[in-house]
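Trainee: fold the following for me, if possible:
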Amino acid sequence: MQFSMRIISKNFIENEIKNVGFSADYLEIGLNKHKFLSLKVENLRAVEANILKQTALSCSCDCAVHRNCIDCKVEHSDCILSGTISQLINVSKKLRVQPFSMSRLSDDILKQIICSKNFAKSKIMGILNLTSDSFSDGGEFLEFNAAFRHAELMIEQGAGIIDIGSESTRPKSLPVEEDIQAERILPVVEFLKKNHPDILLSVDTRSSKVANLVLEAGVDIINDVSGLKYDKNMAKTLCKYNCDVVIMHSRSTPYDMDDCCNYKNLVDDVYLELKKQCDYALGEGIKPERIIIDVGFGFAKNYEQNFELMARIEEFKSLGYRILAGVSRKRFLQECCGAKTPKDADEITALSSAYFALKGIDYIRVHNVEKSLSAIKFAQALR
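Mentor: Now for the predicted structure:
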């Protein structure tokens with residue numbers, strides 16, 4: 001019989017290597033030689049970029065740098081370093097003995113290799129809006145019994161987390177007074193803590209006063225769409241309770257965020273702005289294992305920008321934190337599928353949920369739990 005040849009899907013390379021009879025004792029080493037990774041290094045000095053490129057070439061990797069690096073006609077250059085994981089480990093080892101910032105770069109390469117291997121089983125966060133003006137379901141759950149019933153429905157359908165918000169963040173929305181937020185949220189928190197103690201509770205608020213009250217009542221997560229920028233006391237409050245926090249990328253406020261979509265390089269800018277807010281949180285005493293990041297779909301992003309962030313969501317694993325993705329019923333999905341109402345976008349939201357599950361995103365925030373859970377189960381069966 002003649003030999004045959006085919007391409008192997010990257011998600012199944014481990015199984016295929018096992019199937020050929022490769023030694024189990026060297027499986028991890030073997031896998032590192034078959035998994036490819038590209039890393040972007042920003043703002044290296046020209047001399048450092050040249051060192052990185054030559055080191056990469058010596059390890060059979062490649063490194064794209066600015067064309068004028070070679071004669072130092074530019075002061076700085078971004079670099080794209082590419083190779084198998086095994087080759088990148090060798091690059092890291094060689095850089096450790098090089099001058100300038102190469103030792104720190106060596107450490108960062110190893111950290112990114114670890115991040116590239118992180119793959120989460122996605123969990124659903126169900127949205128409970130206790131608002132009068134949310135873009136999707138404003139006013140539907142303001143009455144407490146309606147809120148209780150909807151929360152229990154989402155739990156029955158498979159939500160592991162309920163995210164409770166009482167302040168709309170749709171474009172042109174205005175802040176809601178803290179006392180009103182608390183009056184809406186606390187009865188629901190108390191009901192769920194009593195009747196569903198195993199369900200994690202998240203509260204969507206920018207207010208440290210509201211955060212303090214709900215955390216005292218037993219809430220597990222604070223979801224701050226301002227990325228801790230709106231209330232200067234928020235970080236201290238979160239430290240006090242040692243709770244999880246969602247740090248979302250946003251610009252300005254919901255009222256005028258649609259005027260803030262001017263990015264020089266979308267993914268670079270969102271990444272660095274998120275990193276800045278995470279570094280601020282760490283500086284205030286929030287532990288890294290408590291941080292969850294959200295790229296902020298729909299917040300100061302236009303149609304094309306939202307889809308680019310979706311396509312490149314895996315790149316944000318490089319920050320080293322858990323990731324939450326929330327695109328449910330958002331305007332760009334409605335426009336994509338021609339939905340006449342936000343709820344008409346539940347099918348494309350479910351498709352998005354499946355996509356995020358395939359990418360190993362930790363938390364997926366949705367309105368329609370039932371449809372998204374079915375899509376996530378389908379995606380997980382493919383891996």
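
Trainee: all strands in the stretch 151-300 of the chain, in order from the N-terminus.
Mentor: 161-165, 200-204, 221-224, 244-248, 291-294 (DSSP state E, counting those that start in this stretch).

Trainee: residues near His76, how many?
Mentor: 13 (other C-beta atoms under 10 Å). The way it works is simple: take the backbone N, C-alpha and C, and place the C-beta from them, glycine included.

Trainee: which ones are touching it?
Mentor: For His76, the contact set (C-beta atoms under 8 Å, 6 or more residues apart in numbering) comprises 43-46, 49.

Trainee: now with 7 Å?
Mentor: 43-46 (C-beta atoms under 7 Å, 6 or more residues apart in numbering).

Trainee: tell me the phi and psi of it?
Mentor: Main-chain torsions, His76, degrees, to the nearest 10: phi -140, psi 160.

Trainee: on the strand side of things, show who the closest residue in space to Asp204 that isn't next to it in sequence bridges to.
Mentor: Closest residue in space to Asp204, ignoring its immediate chain neighbours: Gly165 at 3.3 Å, by C-beta to C-beta, 6 or more residues apart in numbering. For Gly165, the beta-bridge partners under DSSP bridges are Asn129, Asp204.

Trainee: wait, Gly165 sits on Asn129?
Mentor: Yes. The criterion here is C-beta atoms under 7 Å, and Gly165 meets it with Asn129 at 5.7 Å.

Trainee: who's more crowded, these two?
Mentor: Remark: of Gly165 and Asn129, Asn129 carries more neighbours, 26 against 22, as counted by other C-beta under 10 Å.

Trainee: and the pLDDT at the more buried one?
Mentor: According to the prediction, Asn129 has pLDDT 92.

Trainee: what's around Lys264, how many residues?
Mentor: As a measure of burial, Lys264 has 6 neighbours, counting by other C-beta under 10 Å.

Trainee: check the one 5 residues further on too.
Mentor: Counted with other C-beta under 10 Å, the neighbours of Asp269 add up to 14.

Trainee: measure the spatially closest residue to it that is not a sequence neighbour to Ala64 for me?
Mentor: Excluding the flanking residues, the one nearest Asp269 by C-beta to C-beta, 6+ apart is Tyr263, at 4.5 Å. The gap separating Tyr263 from Ala64 is 22 Å, by C-beta to C-beta, to the nearest Å.

Trainee: hang on, Leu213 packs against Ala182?
Mentor: Yes. Using C-beta under 7 Å, Leu213 is in contact with Ala182, at 5.1 Å.

Trainee: before we move on, the earlier item: show me what contacts the residue nearest to Asp204?
Mentor: Counting by C-beta under 7 Å, 6+ apart, Gly165 has contacts 129-131, 204.

Trainee: quick one: the residue nearest to Thr169 when sequence neighbours are not counted and Pro175, what's the gap?
Mentor: Using C-beta to C-beta, 6+ apart and skipping residues adjacent in sequence, the residue nearest Thr169 is Pro254, 4.3 Å away. Shown here: Pro254 relative to Pro175, a distance of 9 Å by C-beta to C-beta.
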